[in-house]
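A.B. asks: got a structure for you, letters missing:
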(Lines give C-alpha, C1' and ligand atoms only; values in the text may rest on other atoms or scores of the structure.)
Protein backbone atom coordinates (compact mmCIF):
# COMPACT_ATOMS: atom_id res chain seq x y z
CA UNK A 1 0.00 0.00 0.00
CA UNK A 2 1.46 3.35 -1.01
CA UNK A 3 -0.40 5.45 1.54
CA UNK A 4 0.89 8.89 2.46
CA UNK A 5 0.00 10.90 5.56
CA UNK A 6 -2.25 13.94 5.22
CA UNK A 7 -3.54 16.48 7.74
CA UNK A 8 -7.21 16.75 8.67
CA UNK A 9 -8.58 19.81 10.45
CA UNK A 10 -11.39 18.89 12.85
CA UNK A 11 -14.17 20.80 14.53
CA UNK A 12 -13.38 22.29 17.95
CA UNK A 13 -12.80 19.42 20.43
CA UNK A 14 -13.79 17.00 17.66
CA UNK A 15 -10.48 15.15 17.24
CA UNK A 16 -11.67 11.88 18.78
CA UNK A 17 -15.02 11.95 16.99
CA UNK A 18 -13.34 12.56 13.63
CA UNK A 19 -10.73 9.84 14.28
CA UNK A 20 -13.44 7.33 15.16
CA UNK A 21 -15.49 8.05 12.03
CA UNK A 22 -12.42 7.98 9.77
CA UNK A 23 -11.37 4.60 11.18
CA UNK A 24 -14.87 3.26 10.46
CA UNK A 25 -14.19 4.15 6.81
CA UNK A 26 -10.95 2.06 6.92
CA UNK A 27 -8.55 5.01 7.04
CA UNK A 28 -5.47 4.77 9.26
CA UNK A 29 -5.55 7.66 11.73
CA UNK A 30 -2.90 9.08 14.02
CA UNK A 31 -3.88 11.53 16.77
CA UNK A 32 -0.75 12.46 18.76
CA UNK A 33 -1.52 13.20 22.42
CA UNK A 34 0.48 14.34 25.43
CA UNK A 35 -0.09 14.57 29.16
CA UNK A 36 -1.12 18.09 30.09
CA UNK A 37 -1.17 19.51 33.59
CA UNK A 38 -4.41 21.37 34.18
CA UNK A 39 -5.14 23.45 37.23
CA UNK A 40 -8.72 24.21 38.15
CA UNK A 41 -10.29 25.15 41.48
CA UNK A 42 -6.93 24.83 43.27
CA UNK A 43 -6.56 21.25 42.07
CA UNK A 44 -3.96 20.09 39.60
CA UNK A 45 -4.67 17.08 37.42
CA UNK A 46 -3.02 15.40 34.47
CA UNK A 47 -5.22 14.98 31.40
CA UNK A 48 -4.67 13.63 27.89
CA UNK A 49 -4.68 16.45 25.35
CA UNK A 50 -4.09 16.54 21.59
CA UNK A 51 -0.58 17.67 20.67
CA UNK A 52 -2.08 19.68 17.80
CA UNK A 53 -5.57 20.83 18.85
CA UNK A 54 -8.09 20.53 15.98
CA UNK A 55 -5.71 18.48 13.81
CA UNK A 56 -4.96 14.82 13.20
CA UNK A 57 -3.14 12.74 10.58
CA UNK A 58 -4.78 10.32 8.17
CA UNK A 59 -3.03 7.83 5.86
CA UNK A 60 -4.56 7.69 2.40
CA UNK A 61 -3.68 5.65 -0.69
CA UNK A 62 -4.85 8.06 -3.39
CA UNK A 63 -5.04 5.32 -6.02
CA UNK A 64 -7.13 2.89 -3.97
CA UNK A 65 -9.17 4.95 -1.47
CA UNK A 66 -11.87 7.54 -1.95
CA UNK A 67 -10.20 10.49 -0.20
CA UNK A 68 -13.02 12.95 -0.96
CA UNK A 69 -15.20 11.14 1.58
CA UNK A 70 -12.91 12.55 4.28
CA UNK A 71 -14.32 16.04 3.62
CA UNK A 72 -17.84 14.98 4.63
CA UNK A 73 -16.90 12.82 7.62
CA UNK A 74 -18.51 13.64 10.97
CA UNK A 75 -16.13 15.76 13.07
CA UNK A 76 -13.97 16.81 10.10
CA UNK A 77 -13.89 20.49 9.13
CA UNK A 78 -11.64 19.97 6.09
CA UNK A 79 -8.73 18.07 4.62
CA UNK A 80 -5.73 20.42 4.34
CA UNK A 81 -5.08 20.93 0.61
CA UNK A 82 -2.85 22.76 -1.85
CA UNK A 83 -5.45 24.02 -4.27
CA UNK A 84 -7.71 21.06 -5.07
CA UNK A 85 -5.21 18.34 -4.10
CA UNK A 86 -4.55 17.18 -0.52
CA UNK A 87 -1.18 18.32 0.84
CA UNK A 88 0.92 15.34 1.92
CA UNK A 89 2.94 15.55 5.12
CA UNK A 90 6.70 15.40 4.65
CA UNK A 91 8.03 11.83 4.91
CA UNK A 92 9.15 10.82 8.39
CA UNK A 93 7.12 13.37 10.38
CA UNK A 94 4.55 10.91 11.74
CA UNK A 95 7.23 8.28 12.39
CA UNK A 96 9.33 10.85 14.30
CA UNK A 97 6.31 11.72 16.47
CA UNK A 98 5.66 8.03 17.17
CA UNK A 99 9.27 7.54 18.26
CA UNK A 100 8.72 10.19 20.96
CA UNK A 101 5.80 8.29 22.51
CA UNK A 102 6.12 6.62 25.90
CA UNK A 103 4.81 3.12 26.69
CA UNK A 104 1.27 4.50 27.10
CA UNK A 105 1.19 6.22 23.69
CA UNK A 106 1.73 9.81 24.89
CA UNK A 107 4.27 12.16 23.31
CA UNK A 108 7.03 13.03 25.77
CA UNK A 109 7.70 16.77 25.68
CA UNK A 110 10.97 18.34 26.72
CA UNK A 111 10.60 20.15 30.03
CA UNK A 112 12.33 23.51 30.15
CA UNK A 113 11.94 26.16 32.79
CA UNK A 114 10.08 29.14 31.38
CA UNK A 115 12.12 31.57 33.49
CA UNK A 116 15.84 32.18 33.91
CA UNK A 117 17.42 32.81 37.33
CA UNK A 118 17.00 36.47 38.22
CA UNK A 119 13.81 37.02 36.15
CA UNK A 120 11.09 39.09 37.84
CA UNK A 121 7.94 37.05 38.48
CA UNK A 122 4.52 37.53 40.07
CA UNK A 123 2.74 34.95 42.21
CA UNK A 124 -0.83 34.56 40.93
CA UNK A 125 -2.26 32.04 43.37
CA UNK A 126 -2.06 30.96 46.99
CA UNK A 127 -0.92 32.69 50.17
CA UNK A 128 1.60 34.88 48.32
CA UNK A 129 -0.80 35.99 45.54
CA UNK A 130 0.18 39.31 43.90
CA UNK A 131 3.66 39.28 45.47
CA UNK A 132 6.59 40.16 43.23
CA UNK A 133 9.86 38.30 43.41
CA UNK A 134 12.87 36.92 41.60
CA UNK A 135 12.97 33.48 40.03
CA UNK A 136 15.75 31.43 41.58
CA UNK A 137 15.33 27.93 40.14
CA UNK A 138 13.15 24.94 39.46
CA UNK A 139 13.12 21.70 41.41
CA UNK A 140 12.49 18.25 39.96
CA UNK A 141 8.95 17.99 41.35
CA UNK A 142 7.50 20.89 39.26
CA UNK A 143 7.95 23.44 41.99
CA UNK A 144 9.88 26.69 41.70
CA UNK A 145 12.02 28.56 44.19
CA UNK A 146 11.54 32.33 44.42
CA UNK A 147 12.99 35.17 46.41
CA UNK A 148 10.08 37.31 47.58
CA UNK A 149 10.42 40.73 49.19
CA UNK A 150 8.29 40.41 52.34
CA UNK A 151 8.37 42.95 55.16
CA UNK A 152 11.61 44.46 53.87
CA UNK A 153 13.50 41.15 53.69
CA UNK A 154 14.21 38.68 50.92
CA UNK A 155 12.48 35.41 51.76
CA UNK A 156 13.03 32.16 49.84
CA UNK A 157 9.78 30.29 49.10
CA UNK A 158 8.99 27.19 47.07
CA UNK A 159 5.63 27.05 45.28
CA UNK A 160 3.91 25.26 42.40
CA UNK A 161 5.18 26.36 38.97
CA UNK A 162 1.62 27.05 37.75
CA UNK A 163 1.27 29.72 40.45
CA UNK A 164 3.94 31.94 38.87
CA UNK A 165 3.81 34.24 35.86
CA UNK A 166 6.12 36.85 34.36
CA UNK A 167 5.95 40.23 36.10
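C.D. replies: Nice, I can see it. Predicted model, so just to flag it, every value in this text is computed and none were measured. Numbering: from 1, shown residues only.
A.B. asks: contacts and neighbour counts: CA atoms only from here.
C.D. replies: Fine.
A.B. asks: ok, which stretches of this structure are helices?
C.D. replies: Using DSSP state H, the helices of the chain run over residues 15-24, 93-99.
A.B. asks: Pick the most deeply packed of the ones you listed.
C.D. replies: Mean neighbours per residue, mean count of other C-alpha atoms under 10 Å, is largest over the helices of the chain for helix 15-24, with a mean of 18.
A.B. asks: can you put the helices of the chain in JSON lines and add mean pLDDT?
C.D. replies: Converted to JSON lines, those look like this (pLDDT from 0 to 100):
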{"stretch": "helix 15-24", "mean pLDDT": "97"}
{"stretch": "helix 93-99", "mean pLDDT": "93"}
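A.B. asks: Tabulate the ones you listed in a markdown table, adding columns for distance to residue 9.
C.D. replies: Shown next, in a markdown table, are these (distance: least, C-alpha to C-alpha, whole Å):
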| stretch | distance to residue 9 |
| --- | --- |
| helix 15-24 | 8 |
| helix 93-99 | 16 |
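A.B. asks: ok, the residue positioned nearest the centre of the chain - contacts?
C.D. replies: In the chain, the centroid-proximal residue (C-alpha atoms, centre = their mean) is residue 51; its distance is 3.6 Å. Contact partners of residue 51, counting by C-alpha atoms under 8 Å, 6 or more residues apart in numbering, are 31-34, 107.
A.B. asks: How about residue 26?
C.D. replies: Contacts for residue 26 (C-alpha under 8 Å, 6+ apart) come out as none.
A.B. asks: and the contacts of residue 51, which of them are in strands?
C.D. replies: Those of the contacts of residue 51 mapping onto strands are 33-34, 107, per DSSP state E.
A.B. asks: so what's the residue nearest to the centre of the chain closest to, chain neighbours aside?
C.D. replies: In this structure, residue 51 finds its nearest non-sequential neighbour in residue 33, 4.9 Å apart by C-alpha to C-alpha, 6 or more residues apart in numbering.
A.B. asks: Repeat that for residue 87.
C.D. replies: When the adjacent residues along the chain are set aside, residue 87 lies closest to residue 81, with 4.7 Å between them (C-alpha to C-alpha, 6+ apart).
A.B. asks: wait, isn't that neighbour in contact with residue 71?
C.D. replies: No - assessed by C-alpha atoms under 8 Å, residue 81 is found out of contact with residue 71, at 10.9 Å.
A.B. asks: Residue 55: what's it in contact with?
C.D. replies: By C-alpha under 8 Å, 6+ apart, the contact set of residue 55 is 7-10, 15, 31.
A.B. asks: Many thanks, I have nothing further to ask.
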